[in-house]
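**Q** Need a 3D model of the following:
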Amino acid sequence: MRHIPLLVLLLCLPFWLHASETLYIEDDDGVELPVSVYPAEGEYLFLWVLPQSGERPAHRLLAEELNLMGVEVWQVDLLDAHFLTRTNENMRDLSGVSIASLLRAAHQHSGKQIMLVTSGRPSIPSLRGLRQWQEDGPEANYVLGAVLNFPNLMAATPVAGEPARLIETAHATNLPIWLLQPEQGVYRWHLDEIITTLQQGGAPVFSQIIAGVQDFYYLRRGTPPPHELEAQQAIPTQLLRAARLFSQMERPTHPAALPETDTLTTRRGLVALDGSRHATPIALPDQEGQAHTLADYGDNVILLNFWASWCPPCVEEIPSMNRMAETLGEGFVIVSVNFQESAEHIREFLQQVQVDFPVLMDSDGRVSAEWKVFAFPSSFILDREGRLRYSVNSAIDWEEPEVLDAVRGLMAE
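**A** Below is the predicted model of the structure:
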C-alpha cells in the first residue's frame, strides 16, 4: 500500500479520522480499560500509552499512518481509565498491572508481536508494565520491547540543583528500549544517564536525537514549521524500524533483579540549602545579544529563575517576581534563564508580558543541565557571596511573607 504523508492525513481529517472500534479490557485489578483500536493486517501491534495530558488529534493521525504501513495500533489513556486527575504524582504512582494486562490482551486478540510506545512520564508505568508482564510468566515471547519518547523516569521531582534519581524499574529493565530524544528537549543533556541506568538491568538501549525540535513536537497545535513537520512525518518509520530490529533480537521473559532503594518524597516550595555550594558560573547573552554573567550581580542577593514561555506556571509567577524586586529594592536582583527558546520569540513575548529583570538565553539547554534543573520553573536564591541558600522546584507566590523574610535575612548578612 502506498505511503501517505501525515500532512495529507491532516487535510483529510474531517472525512475519515476515527478509531474503528473501542475495546474494553479488564486488567488484573478489575479496572476497565477503554482502548481505541486501529486494526491493520500485518505482524506488529503497537500498544500506545497516551501522554499525561490525554489524547490529541495527532495520536489518531499517527495511528492511521501506521495502519497504512501495516501496523495495528491500540491506544489507551491510563489516567482516564483509572478516573485519576492528570497530575505528575498520579501518573508516577501507577503500577504496571494495567499495561501487563493490555500486553496479554493485545496478543490474545491479534496473535501479533507487541511493541509498547509512549512518551514523557507514562514511561514509568510502561516500564513497570513490561516487568509485570515478565513476572506474570508469559506463555510466549511476543513482547518486542518499548519505544520511549523523551522519557521522564524520575522517582520524584528533585529539589532544584540536586541529582535526580530514576525509578527502580529503570535499573532493572532487560527488554530492548529505543529512545527518541528531541534535541531541544528538557532531558537532552541527561540522556547518557538515562541510557546508563537502563543498561544496568541488561536492556539493549538504542537512542536517536530528533534535530531541531522540543518535547511533544508531534502534538503542537497549528501549522508546524517545515523541520518540525518533517520530524512528525518520520515517527511512523522510526517506530517500525525499532519493531523490526527488536523482532530479530533475543528478549528475556524473566525480569532482572530490582535494586534496593529508599523511598523519595517531593519537597516543594522554598527549600533551605546548607550554603556549602557556590553557584556554577553562568555566561549567556540576553535576547538582544548583550553578554551577562552571574558575577555582574555578585554584590547582591540573587534570585536565579529558570523558565520557559511555554510553561504556564512560569509565566504566572512573573508578576509576583516583579513586585518582589520592587518591594525589596537595593541589594536584591532577579536574573532569569530562558530554556531553549529563540531570541526572536522572547522579544515578542516581552512585548506582551512585563518582565522587569534580565532574560538570559540558554539556547541549547546546557546551563540548565549543569544547574540540575529538571522541572520548570526552578529557582535558586544566592547570598551575597554567591552561595546557594534556597531552591524552589515549582512556581510560588514570591510575595509570601516567609519568602520575603528569608531573602531579607540574606540581605542583612
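
**Q** List the buried residues of the lengthiest helix in the chain.
**A** In the chain, taking DSSP state H as the definition, the longest helix is helix 226-247. For helix 226-247, the neighbour count (16 or more other CB atoms under 10 Å) marks 228-229, 231-236, 238-240, 242-243, 246 as buried. (C-beta placed from N, C-alpha, C; glycine too.)

**Q** CSV for the residues you listed, including pLDDT and distance to residue 172?
**A** Below are these laid out as CSV (pLDDT from 0 to 100; distance: CB to CB, whole Å):
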residue, pLDDT, distance to residue 172
228, 87, 35
229, 87, 38
231, 91, 32
232, 89, 33
233, 90, 35
234, 93, 31
235, 94, 28
236, 95, 30
238, 96, 26
239, 96, 25
240, 96, 28
242, 97, 21
243, 97, 23
246, 97, 19
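
**Q** Distance to residue 280 added to those, as CSV?
**A** Output for those, formatted as CSV (distance: CB to CB, whole Å):
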residue, distance to residue 280
228, 32
229, 37
231, 32
232, 35
233, 39
234, 36
235, 36
236, 41
238, 35
239, 38
240, 42
242, 36
243, 42
246, 40
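
**Q** So what touches the helix or strand just after the longest helix of the chain?
**A** Scanning forward in sequence from helix 226-247 by DSSP states H and E, the next helix or strand is strand 271-272. Around strand 271-272, the neighbours that count as contacts under CB atoms under 8 Å, 6 or more residues apart in numbering are 159, 160, 389, 390, 391, 392, 393, 406.

**Q** which stretch of helix or strand covers residue 305?
**A** Assigned by DSSP H and E, residue 305 falls in strand 301-307.

**Q** Parallel or antiparallel, list what pairs with that strand.
**A** Pairing partners of strand 301-307, with direction, according to DSSP bridges: strand 332-339 (parallel), strand 378-382 (antiparallel).

**Q** Of all these, which one is nearest residue 354?
**A** With CB to CB as the measure, strand 332-339 is the member of those nearest residue 354 (12.9 Å).

**Q** chain center to the closest one, what's the gap?
**A** Centre-to-centre, strand 332-339 and its host chain are 23 Å apart (CA atoms, centre = their mean, to the nearest Å).

**Q** Tell me how far residue 213 lies from residue 195.
**A** Noted for residue 213: a distance of 20 Å to residue 195, by CB to CB, to the nearest Å.

**Q** Please compare those two by neighbour count and tell me which comes out ahead.
**A** residue 213 (22 against 16; other CB atoms under 10 Å).

**Q** from memory that one sits against residue 229, does it?
**A** No - assessed by CB atoms under 8 Å, residue 213 is found out of contact with residue 229, at 10.1 Å.

**Q** thinking again about what came up before, looking at the contacts of strand 271-272, which are in strands?
**A** Taking DSSP state E as the definition of strands, those contribute 389, 390, 391, 392.

**Q** Could you tell me how many residues sit around residue 73?
**A** Around residue 73 there are 28 residues (other CB under 10 Å).

**Q** Residue 26 contacts residue 101, correct?
**A** Yes - applying CB under 8 Å, one finds residue 26 in contact with residue 101, separated by 7.5 Å.

**Q** Now do the shared contacts for the two.
**A** residue 33.

**Q** Which one's more surrounded, the two?
**A** For residue 26 and residue 101, the more surrounded residue by other CB under 10 Å is residue 101, and the numbers stand at 21 against 12.

**Q** how much space between that one and residue 378?
**A** Distance from residue 101 to residue 378, counting by CB to CB: 37 Å.

**Q** Same question for residue 278.
**A** From residue 278 over to residue 378 the distance is 18 Å, taken as CB to CB.

**Q** more crowded one of these two?
**A** residue 378 (27 against 12).

**Q** List the contacts of the more buried one.
**A** Residues in contact with residue 378 (CB under 8 Å, 6+ apart) are 160, 161, 305, 306, 371, 391, 392, 393.
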